[in-house]
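Student: Below is the structure, and that's it, no one-letter string:
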């Protein structure tokens, strides 16, 4: 009888795995908990250097934080550095090798760059941005010892653009100012002082902000507001400042609500936490979950990553198997419950706080209470929502021009050509009939030449819109029509 039961269980398991093999998003591996490859404690974030090479961030509330690097990782191999399983009192220490030392405390966010630099938002007494480098399988401090004090407020999200500018935000912004700070690249910081002022700041609306993502050149910043259950977007530049982008909208709804067990408290509303941006396709990944967890409760039945258009905030597809990764449902399908690891591809305890991309379009998330990092892959072709500008070859223009968009009317993409006879700062923005800014297509220094901008409007209603070019003393506005 036992043999028959085992056989039936294996048949069901094989059937489940076969079914999941047809899923468009698949978890390729998790770093198995309670093993030599496990992170060893509550895993709150992940910084990705390149495919299968990343740094896991472990943090206990009001306590210690440390990092575990992985190289050529899968479910059973890759971990470098070792800490005892669940051992308390372990801190990562930033040090210049002398008396200047900072203990990583209450670190909730991490980001990493392809050059192996790793940035964390530490909540030590000065709320420092600490910078490390993963060298020779060891987390070291970058010479000449850059770190940056950010002030007296608790900080959470942190990210870095391709030019090295560092973006960090306050956790709670009620009654505060300069909630988001942008710092110059670390090679310009004053190492002996650690108190350089930010080059620009943003006063965010009242909220509880957890994640930041930025595009390649820093012209678009995405920030997750957990309290108001939405993601907001700002456009501009570190040099000139930022304005709220009204054409972007992402919010969670009633379906993203959990009811806690009796005695735990009010119903738990899940919210967006960590963010990851895939520049090659202009796709924003939004990690959503509940920050309030209760052992044995219903919270582990939730844990999702939403994939949205970076221009508009709309889902990347009407097919939810492409636009949503339901980690909790994946765990249930593989293991039969929400709190069991299995097959090296189910983390258990879906508690999704962070998400990052690698250069090949794979996603990395984590399970805070499963003590794991996960790698997800889409086995089809992701769409692209790139709205940007490219230089078009030809002779040097004799004057400023702004061409009529084509096609016009359009649905949902159109192109706009313009010429610049001299280098200078250029702004190309889209507005609605009420004069509200919908999207910034260009907002940066440009050399003389002929340019072509692409405008994608899949999340906008049909109607009339205007686009305005400003360059030097030249300015012109033209009208275009979106018909769906």
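Tutor: Noted; the coordinates are in hand. Just so you know, these numbers come straight off a predicted model, no measurement behind them.
Student: could you pull out the strands for the stretch 251-400 of the chain?
Tutor: Applying DSSP state E, counting those that start in this stretch to the stretch 251-400 of the chain gives strands spanning 257-258, 268-269, 271-278, 283-289, 304-309, 324-326, 355-357, 363-367, 372-378, 389-392.
Student: I'd like to know which of the ones you listed has the weakest mean confidence.
Tutor: Least confidently modelled of the strands of the stretch 251-400 of the chain is strand 268-269, at a mean of 70 by mean pLDDT.
Student: Might one say that residue 28 is in contact with residue 379?
Tutor: No. With contact defined as C-beta atoms under 8 Å, residue 28 does not reach residue 379; the gap is 10.0 Å. Placement of C-beta: from N, CA and C, glycine included.
Student: Looking at those two, which one has more neighbours?
Tutor: Per other C-beta atoms under 10 Å, whichever of residue 28 and residue 379 has more neighbours is residue 28, with 14 against 10.
Student: so who does the nearest residue to residue 123 once chain neighbours are set aside touch?
Tutor: In this structure, residue 123 finds its nearest non-sequential neighbour in residue 106, 3.9 Å apart by C-beta to C-beta, 6 or more residues apart in numbering. For residue 106, the contacting residues are 59, 61, 62, 63, 65, 122, 123, 154, by C-beta atoms under 8 Å, 6 or more residues apart in numbering.
Student: What lies in contact with the helix or strand containing the fifth one?
Tutor: Under the criterion of DSSP states H and E, residue 65 resides in strand 65-70. Taking C-beta under 8 Å, 6+ apart as the criterion, the residues outside strand 65-70 that touch it are 31, 39-41, 52-59, 78-81, 83, 90-92, 104-107, 110, 118, 120, 122, 132, 134, 137-139, 373.
Student: quick one: which of these sit in strands?
Tutor: Judged by DSSP state E, those include 53-59, 110, 118, 120, 132, 134, 138-139, 373 as members of strands.
Student: mind listing what the residue nearest to residue 145 when sequence neighbours are not counted touches?
Tutor: Nearest non-adjacent residue to residue 145, counting by C-beta to C-beta, 6+ apart: residue 96, 4.1 Å away. If you count contacts by C-beta under 8 Å, 6+ apart, residue 96 has them with 141, 145, 191.
Student: and residue 96, what pLDDT?
Tutor: Note on residue 96: pLDDT of 89.
Student: what separates it from residue 147, distance-wise?
Tutor: Using C-beta to C-beta, to the nearest Å, we find residue 96 at a distance of 9 Å from residue 147.
Student: element containing the closest residue to residue 425 other than its chain neighbours, please.
Tutor: Closest residue to residue 425 in three dimensions, ignoring its sequence neighbours and counting by C-beta to C-beta, 6+ apart: residue 445, at 5.5 Å. For residue 445, the host element (DSSP H and E) is strand 437-446.
Student: now for that strand, which elements pack on it?
Tutor: The helices and strands touching strand 437-446, judged by 3 or more C-beta pairs under 8 Å, 6 or more residues apart in numbering; DSSP states H and E, are strand 230-237, strand 424-431, strand 449-456, strand 463-471.
Student: Figure out which of these is closest to residue 217.
Tutor: strand 230-237 (7.9 Å; C-beta to C-beta).
Student: residues making contact with the closest one?
Tutor: 202, 204-205, 217-225, 242-245, 248-252, 272, 275, 284, 286, 308, 313, 439-440, 443-444.
Student: List the strands paired with that strand, with their directions.
Tutor: As defined by DSSP bridges, the strand partners of strand 230-237 come to strand 220-225 (antiparallel), strand 241-244 (antiparallel), strand 250-251 (antiparallel).
Student: As CSV, the ones you listed with mean pLDDT, distance to residue 258 and mean neighbour count would be great.
Tutor: Shown next, in CSV, are the strands paired with strand 230-237 (pLDDT from 0 to 100; distance: least, C-beta to C-beta, whole Å; neighbours: other C-beta atoms under 10 Å):
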stretch, mean pLDDT, distance to residue 258, mean neighbour count
strand 220-225, 95, 18, 26
strand 241-244, 89, 30, 16
strand 250-251, 96, 17, 18
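Student: For residue 376, name its beta-bridge partners.
Tutor: Assigned bridge partners for residue 376, using DSSP bridges, are residue 27, residue 363.
Student: wouldn't it be in contact with residue 28 here?
Tutor: Yes. Using C-beta under 8 Å, residue 376 is in contact with residue 28, at 7.0 Å.
Student: Need the residues touching each of these two.
Tutor: Residues touching both residue 376 and residue 28 (C-beta under 8 Å, 6+ apart) are residue 362.
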